[in-house]
Structures are given as structure tokens and as C-alpha cells.
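J.: missing the sequence, but the structure's below:
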Ligand code: SRM
Ligand SMILES: Cc1cc2nc3c(=O)[nH]c(=O)nc-3n(C[C@H](O)[C@H](O)[C@H](O)COP(=O)(O)OP(=O)(O)OC[C@H]3O[C@@H](n4cnc5c(N)ncnc54)[C@H](O)[C@@H]3O)c2cc1C
Ligand code: SF4
Ligand code: FES
């Protein structure tokens, strides 16, 4: 069956979102053609403000690249304005501006022509140098003006105007904002909060002219605008005038086709215009008398419209409630609903001018009707939800102002400022990203299921914080709490992965009990469901076998993650980093010279001192690795294993040799510890530190194994880490001699190696098995301690072979050279 | 159409459950060898953010991208759902343990 034809006019945010939703629901229903009169593919218009402010680039804000259109078989015409709709013959005509015409037939037509900046009808409004703030062309014009001229005036102290003013200021212009109302953002804020905002913006260097009405724009000698005249006779110089006084739905095309328009193209609840073949979404639309100017409601419209285009025919759009945020870095404001109050309303207000914080809640019949927050906006999402759900707040009204975490069993949650517990106390249904309608539960699910670790990944998978970005902080908090939480909740009775029924512990036990010595043997004996495992079980099995049979097992390079296979950290561009070991953070001129030589010889683009007290050479091409390692090896270096689930670094402080507070030779002890433990593979990365006194300059109390020297000996601390979820160590015990430190360290390390699950760091492991379990084996049972330490030292013998030298001498050559180089 | 077979080496040059890279004027191609010695070739570029697939862990008929762990099917070049995207496939054939490749990617994937 031939596909139907769908034509979209308006290659912007609402129209393209509709297509994305449609492709999800019915990928093969239509042949799609898109017309856009801008020369760009669809971009994130919201982010024009950060682009103007120099915080993002145009490339970064593209939402659908040209490749995306091609991949989805969509015909894209950019730089083409649709000028005619022939409803009878179901055909549109577009014009490329140089007389070239393109036609397209449709079965369904979608109009998403957005809106236009409203330009005040005053003398001089058409002068060069007078623009709106709507598209990339406007931003380009502003950026170019900022390079040539000094004085900018923004007319309009609304969201758009303030963002334009902020950007122009950051671009180096003198900026005045002219506003007709007595305070800024009068549609979003009340006077006290707006005054705080004004103060804040004035501190950033903006100048405000309130209650001023522009009468005329004055033409300069060059023909360009040169000044602004007010009704009261005053005037200010202006080489650039940005009008941000409002927008008007862009309905000219629809009107010319005889579609009913009335402050927007009129649609019903299924986003249909009066012609049932023609749908419309976005800012050009009037739905139940309202034309929305924010993306959240437009995306809701898009969803409904896509549902009907996909012929599912069930969704209804019933209007939206909107909230507001300002995208000026460093300024947090939130407002929603009826925040001005009035007849029959009550207000709860908190104000701390010193801290720049203001909160006002408006109640009606014990329900939240509106909110303005300035300074601390974390609870905005919660208030918004209470408003939307029309929740009766009588029971917690006294605590309402202090935010969600003060409600319910308060005291149990974290204290004020403990953002993670506050955010995590929100229910899963709380909307976090207003632009894209993403709830907390969606984010957590994606982070867990897809193993997301970065904001970018969360954006890619959920779209949360991908539009205006003002919920970025919330998303990051959820990400940190979820990804961090995962480390600590590794359940003990869970299959290792989808390839097996057995848990980590069962597999480790079987390897020892049934003397399973190779990976295929283990998989066979334990009834693996896949022929050769997956990325979860293969690295784990490889480690478990290596740990169980240290002198016999032949390491399987193909079951190692690339970093461990190539002995460097893969970078986002496919190059690698090289970190030679610097024992205990000590170095000397000869070593430094050798590193300098290597860096020069191999054109290393970046040399950096790491957080682990050594030097990282970044951006090395894979082919160069063996040769570079050879030079380093000749100079006496071995691999630093910065890439491995292995001993990383032993950080030290200067200690008693130099420091006036040092109680022991922390540096020397650190070197000894590193020499004993390097090369060892561990379930996860393993870090140590030795501090010379309780001032703890080496941060020993956030390491897997940390030593704090004291006058009478050494405190041994275990189970700490920095990272995503900081955990401070537990005190294992105190010992008196260096020899004891070495023995306890070896024993503890071996216990961890033998008991922890693969990819479980010491912190979650200690929490899982309990400190007393560890103390019983390492501290209280001397025989067992000695056996553990002994086993560790045995397994170290084959492990302390420098992998770099092996490869510099030709090992694993295939890893570093192409199989063939074709011209 | 794929008449231009170019010999690129032997099956044994590729580690089992591994890959090797072929450099060409038009970019890199990854040649994979599965646990049961099937050979596949894909554009060495992950549909997600361009990660080098040749560096990933090969399991079954899939490779896991080293950068963010998307799984790509070696036989179709398609990302494993729910991720979407593809890496173009290149025709390969094996004769007497020798691997040959055509530099004309198969149709259907723009990431070529
Ligand atoms: C190079 C370095 C940053 C720097 O420039 O200083 C670094 C770089 C990376 N760290 Fe780190 N970490 C570095 C010190 C740290 C430290 C500081 C320290 O060791 O004292 C920490 C916090 C302390 C800790 O681990 O407890 C740290 C906590 C992390 C974490 C979070 C671990 C956690 O348990 O939450 C990760 C993620 C992971 O391991 O899964 C990580 C992962 C990474 C990775 C490997 C990300 C990756 O998977 O690709 C980075 C590699 C970058 C690259 O392309 O080479 N890095 N990383 C540091 C190397 C130290 C070294 O000499 O070996
Ligand atoms: C600087 C700035 C900052 C903003 N910040 C926020 C914010 O923080 N939060 C928020 O929610 N919203 C914000 N907005 C508003 C948001 O960008 C809009 O609501 C949204 O882009 C509207 O989507 P749309 O698809 O209706 O219109 P648009 O995105 O404008 O898309 C319409 C497209 O159609 C094209 N077009 C029009 N007529 C034709 C024709 N005849 N033929 C071909 N093409 C045509 C236009 O050129 C345009 O590219 C901001 C807007 C701007 C300008
Ligand atoms: S080096 Fe560490 S902190 Fe820095 S970006 Fe990479 S993982 Fe994050
Ligand atoms: S680049 Fe391959 S998964 Fe991200």
C-alpha cells in the first residue's frame, strides 16, 4: 500500500517534536516532507540565550541534524518558505527567496509556523540595527553588533529581554533595559522578588530604565539607529535595539488559506484546524483561547497531535499550566500560577535579603494557587505539583514554606542543604524536566537500566534537561544519588548477569570447590545460557579465575575492557592516556626529564598532574603506545595502572622528613606499600594513602586502605572513597610498626580480592559484609591474617611483571597495529 | 556489485572474540571474529558518539562499544534496542583462511 503523504510547514521545536512522536508511534505510515524558512536544521530555540551569552555554540543546540532527517527518510527543505496552501488540490507551494518554487502534495498537513517577535509600531522601527530576539539570524546580528558597537538597548524587561540583555552584557556591550512596568518580569514575579532580581542583575552590570515608554528610534548619520527617545523627552544612545516586547502567532500563511485565525490558528482538542486534513501545533496555535509561548505545553500538544496523525485517535489536549524559569547563569527563579494573590487568597512569605532569597506561596481554600521563588528554587517542582494536583495542604501548611523535606517524618531526611536527600525524597512521579515532561522515576529507571553516568547520557536517553537546561542541577542530583546508590546496594543473591542463574558468590565458590580453571570450563560446569557470555560476566570470570589460580590461570585479554587490554584509558576521541607509576608520588629530575622527552617525541597534546599525585600524558595514538612505553621502560618506569581494576596510586604527604608536624615517615611507607601492592588485579580500583599526622594531607580517610600516622604508631582505615558517593573510611585498628602496616595491608587487600564482587569497591563491600566480619578475619585472627597476607604475596609474584615492557617487547602486537592499511 | 574484493589478511590475524582495524582512505573499518570464527566487518564508528567499535568486547554476534557500552549486532550493524542507530556493514568473505573485504558498504545505513 502506498504511504500517505505528510507535509510539515515550520521546521521548529513543536513541529519536529510532533514528527519524533509520530515516528515512535507509527514509523511507516507517511512519506514526510518538511519545509523550514530558516537555513538550519531544527535547533533548540530556547538555547539561543546561552548561545548569545557565549555558553553554548550553535552546533551544540542542533536537535535534529541533517543526518537525522536522512536516516528517517524525511525530505527536508531548509531556506524555503511555504507561501501557498491549495486546500482543494491538497498541495503547498514554497519559495526559496530567489524565485525558485517547490511543490509538495499532502494527505495531511501540519502547520507549526511558530511566532514572530512583535516590533513596536514606532518611528524608526525599521532602521538597521533594530531587531527582535527569535532566531539564529537575530543572535548572529547581536554578536556581530557587539563586536563593533558599544551601546545596546533592550526594550522589554520580560524573560526574553533579560536574557538578551545578559548575553549582550557578557559580550561586552553597555546594556540598558527599558521597561514600561514598575518592576521587571511583572507577569512572572511580584515586586519584592523582582527587586532582588534587579539588584542581582545590576550587580552584573545591567542598567534599568523602568516605567519608561519609547517614543521613537533615532536614525544616525550612517543610516543605522543611534538613539532612543522616550515619551518624557529623555533619550539614550543605542547602536543596537533589541525589541523583546512580546510575540505574535505567525498565522499569515494559515489566514491566506482561509483557515480560521483569532490571535492564533484555532484548533480543537485533537489539534485539528477547521480543515480536518490540516493540523497545527506550537506557538502559532490558539487552543481554547490560549496561545502558549513555552515549550512544555507545546510538547504536550505535539504528543496529542502525533497520536492522531498515527491514527490512534485517543488523545486529547486540554490545556496546560505553565511555570517559568529564567536562564541567566547564577540566577535562580521560579514562578507559577497566581502568585500575586488577591481577594480570598492568603500569602505565606519568606524573605532574606542578605542571602538574596525570597519565597512566596499563595493559597486559596487551603490549596496552593501560586508560587514565586527566588534564590533557592529546588522546591519549585514540588510546589508546581501541589498546584497541578490541587492538593489540600491543611496538614502541612505550617511547614509548606520550608520545602518538601520538612514535611512528613522530618528529621529522618537529611538536614537543610542536603540536596540529595531532598531530591530523593520526591516521589517518582514528580516532574523534573518541565520542558520535556520527564519524571523522576523515568530518570532513575534510565540511569539504572542503561548504566548512565553522565548528564549527557541521561539527556540522550530521557531528554531530561536537554532543552532549557534549568533542571540540570536536579537531574545531576538524581543521577549522583542513583548511580552512587547502585554501588552500595549490590544485592548478594542476584545472578551475576543474564547469562547465568548463579550469583557472584556461588560462582566464586564453585571455581574453588570444583577446581574450575578456564572460562569455557566454568561456563560449561555452571550451565551458562550463552555461548561465550557477555560484557558483564566475562570480565568478572576472568578476574575470579585469576584470583583463584594466580600462578596458573592464563589471562584472557579478549575478556578485558579495552583499557585493561591496551593498558591505557581510552579517551572520547579513541586516543589513550599514559600514566607511569611514581612511587608514593615521589619523583626526581631524571624521571621528569624522561617524561618530558617522551612527551615531546610523541607530540603529546596535554600533560597533566593527576589527582593521584603523578603525571598523565593525554591524547596518545594507540599505534604509538608500545614505542612510548619502551622509552618509559628504558627510563625505569612501570605502568601506573591508571586504567585498571587494580592498585592505582598510593598518595602520601611529606611526613616527618620535612613537615614540622610529621610523626612518621609517611612518604617512605607509601613507597613501600606501593612496591608491595602494584600490579595486583582487584575487583574494582583500589587506592591507598599515607598521611604523616592526623591533619591528613594525603586524604587517607577516603581511600580503600588509608594509613594515618600518629606518635604512637599507625591508624589503619578501610573502605573509603571519594567519587560519586563519598564514603569516609572505618577505623580497622591501630598498629605500632611499619612491618605490621604492611602485613595488615596485604591481608586486608587479599580479603577484598577474594570476597568482593567484581566491580564492587571496598566501600560497598565493607557495608555489605560489615566491618566486624573484616576485623574478625584480619585483626582478631592472627593466623588467618598471616595466611591472607601470604596468599597476597604469592599472587603478586606473577602480577608484578610490567605490562608495558611486555608490549614494548612485542607482546599483543595485533592490538596496536592495523591488520591492513589500504590507500 | 561487490566485485572488488581486497585481501586484508588471515583469519588467524584476528584474535578470536576480537577485532582488527583496516585503515582506508575513507576511514576505518573494523573486522570482527566471533567465538566460532565467523567474520564480520563494520564501519569502526559507533552510531552513538562515534566510539571505535573495534576496541569493544565481542560476545556472541555482538560488540559492546568501549565508550558507553551500546551493543551493536555484528551481522546487521544495528544497535541493540532500545538504542537506535547502525554502523554500515562491509561485505567480507573467507577463502582458505584468507579474509577479503569490499570497500563498498551495503545499503541501508547512513553511518558508513
Ligand atoms: C586522570 C584522573 C583525573 C585527573 O586528571 O586528575 C582521573 C581520570 C578518570 N577517572 Fe578518576 N581520575 C583521577 C583521580 C580520581 C580521584 C582522586 C584520587 O584518586 O585521589 C577520584 C576520587 C577518589 C576515589 O576514587 O575514591 C576519582 C574518582 C573516579 C570515579 C568514581 C569512583 C567511585 O567509586 O565513585 C570514576 C568512575 C569509576 O571508576 O567507575 C573515575 C574514572 C575515571 C576515568 C577512568 C573515567 C573513565 O572511565 O574513562 C577517567 C579517565 C580519564 C581519561 O580519559 O584518562 N574516577 N578519580 C585521575 C587519575 C589519578 C591517577 O593518577 O591514577
Ligand atoms: C531566545 C528565546 C528563549 C526562549 N526560552 C524559553 C525557555 O526558557 N523556556 C521555554 O519553554 N520556552 C522558551 N522560548 C520559547 C520557545 O523557544 C518557543 O515556545 C518554541 O520554540 C516554539 O516552538 P514552535 O515550533 O511553535 O515555533 P518555532 O520553534 O519558532 O518554529 C517555527 C519555525 O517555522 C518556521 N516557519 C514559519 N513560517 C514558515 C513558513 N511559511 N514556511 C516555512 N517555515 C516557516 C520558522 O522560521 C521557525 O523556524 C524561548 C524563545 C526564544 C526566542
Ligand atoms: S576525569 Fe574524572 S571527574 Fe573529570 S570528567 Fe573524567 S571521570 Fe569526570
Ligand atoms: S560512542 Fe558507542 S556507546 Fe557511546
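T.: Ah, there it is. Because the structure is predicted, anything quoted here is derived from the model rather than measured. Ligands and ions are numbered 1, 2, ... in the order given.

J.: helices along the stretch 201-350 of chain A, start to end?
T.: A:252-256, A:295-309 (DSSP state H, counting those that start in this stretch).

J.: can you flag the weakest of the ones you listed by average pLDDT?
T.: In terms of mean pLDDT, the lowest-scoring of those is helix A:295-309 (a mean of 90).

J.: host element of residue A:732?
T.: strand A:730-735 (DSSP states H and E).

J.: what lines up beside that strand in the sheet?
T.: strand A:713-718 (antiparallel) (DSSP bridges).

J.: close to ligand 1, is the partner strand?
T.: No. Judged by CB under 6 Å from any ligand atom, strand A:713-718 makes no contact with ligand 1; its nearest approach is 12.8 Å. In short, each C-beta sits where N, CA and C put it, glycine included.

J.: what is the rounded mean pLDDT of that strand?
T.: pLDDT averaged over strand A:713-718 gives 96.

J.: which ones are touching residue A:496?
T.: By CB atoms under 8 Å, 6 or more residues apart in numbering or on different chains, the contact set of residue A:496 is A:502-504, A:507, A:536-537, A:540.

J.: measure it to chain B for me?
T.: 14 Å (CB to the nearest CB, to the nearest Å).

J.: hmm, who's touching the helix or strand hosting residue A:616?
T.: Residue A:616 belongs to strand A:615-620 when assigned by DSSP H and E. By CB under 8 Å, 6+ apart, the surrounding residues in contact with strand A:615-620 are A:568, A:571, A:573, A:575-580, A:582, A:587, A:595, A:598-599, A:602, A:604-610, A:628, A:642.

J.: so which of the contacts of residue A:496 are in strands?
T.: Under the assignment DSSP state E, the contacts of residue A:496 contribute nothing to strands.

J.: could you chop chain A up by domain?
T.: Split into domains by automatic domain parsing, chain A comes to A:4-114+A:249-309, A:130-245, A:504-560, A:563-644, A:647-799.

J.: turn those into TSV, including mean neighbour count and distance to ligand 4.
T.: As requested, the domains of chain A are exported to TSV (neighbours: other CB atoms under 10 Å in any protein chain shown; distance: least, CB to the nearest ligand atom, whole Å):
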stretch	mean neighbour count	distance to ligand 4
domain A:4-114+A:249-309	19	15
domain A:130-245	19	28
domain A:504-560	18	12
domain A:563-644	18	8
domain A:647-799	20	18
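
J.: now the strand holding residue A:616: average pLDDT?
T.: Taken as a whole, strand A:615-620 has an average pLDDT of 96.

J.: in terms of secondary structure, what does whatever helix or strand comes next after it contact?
T.: As assigned by DSSP H and E, the chain's next helix or strand after strand A:615-620 is helix A:625-634. When contacts are defined as 3 or more CB pairs under 8 Å, 6 or more residues apart in numbering or on different chains; DSSP states H and E, helix A:625-634 packs onto strand A:576-578, helix A:589-601, helix A:803-808.

J.: so after helix A:625-634, what's the next helix or strand?
T.: Criterion used, DSSP H and E; the element after helix A:625-634 is strand A:647-652.

J.: is the helix or strand following that following strand anywhere near ligand 1?
T.: Downstream of strand A:647-652, the first helix or strand assigned by DSSP H and E is helix A:666-677. No. For helix A:666-677, no contact with ligand 1 is found by CB under 6 Å from any ligand atom; the gap never falls below 11.9 Å.

J.: got the angle for helix A:666-677 vs strand A:713-718?
T.: Computed with axes from the mean of the first three to the mean of the last three CA atoms, to 10 degrees, the direction of helix A:666-677 lies at 50 degrees from that of strand A:713-718.

J.: bridged to residue B:19, which residues?
T.: With DSSP bridges as the rule, residue B:19 is bridged to residue B:32.

J.: what pLDDT does it get?
T.: So residue B:19 comes in at 97 (pLDDT).

J.: from memory it sits against residue B:63, does it?
T.: Yes. Applying CB atoms under 8 Å as the test, residue B:19 and residue B:63 come out as touching, 7.1 Å apart.

J.: which neighbours do those two share?
T.: In contact with both residue B:19 and residue B:63: B:30, B:32, B:53, B:56, using CB under 8 Å, 6+ apart.

J.: now, those residues that are in strands?
T.: Counted as lying in strands by DSSP E, out of the shared contacts of residue B:19 and residue B:63, are B:30, B:32.

J.: mind putting the shared contacts of residue B:19 and residue B:63 into a markdown table with distance to residue A:397, neighbour count and pLDDT?
T.: Formatted as a markdown table, these follow (distance: CB to CB, whole Å; neighbours: other CB atoms under 10 Å in any protein chain shown; pLDDT from 0 to 100):
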| residue | distance to residue A:397 | neighbour count | pLDDT |
| --- | --- | --- | --- |
| B:30 | 63 | 27 | 97 |
| B:32 | 64 | 24 | 97 |
| B:53 | 58 | 29 | 96 |
| B:56 | 56 | 26 | 96 |
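
J.: turn the shared contacts of residue B:19 and residue B:63 into TSV, including distance to ligand 2.
T.: Shown next, in TSV, are the shared contacts of residue B:19 and residue B:63 (distance: CB to the nearest ligand atom, whole Å):
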residue	distance to ligand 2
B:30	39
B:32	43
B:53	36
B:56	38
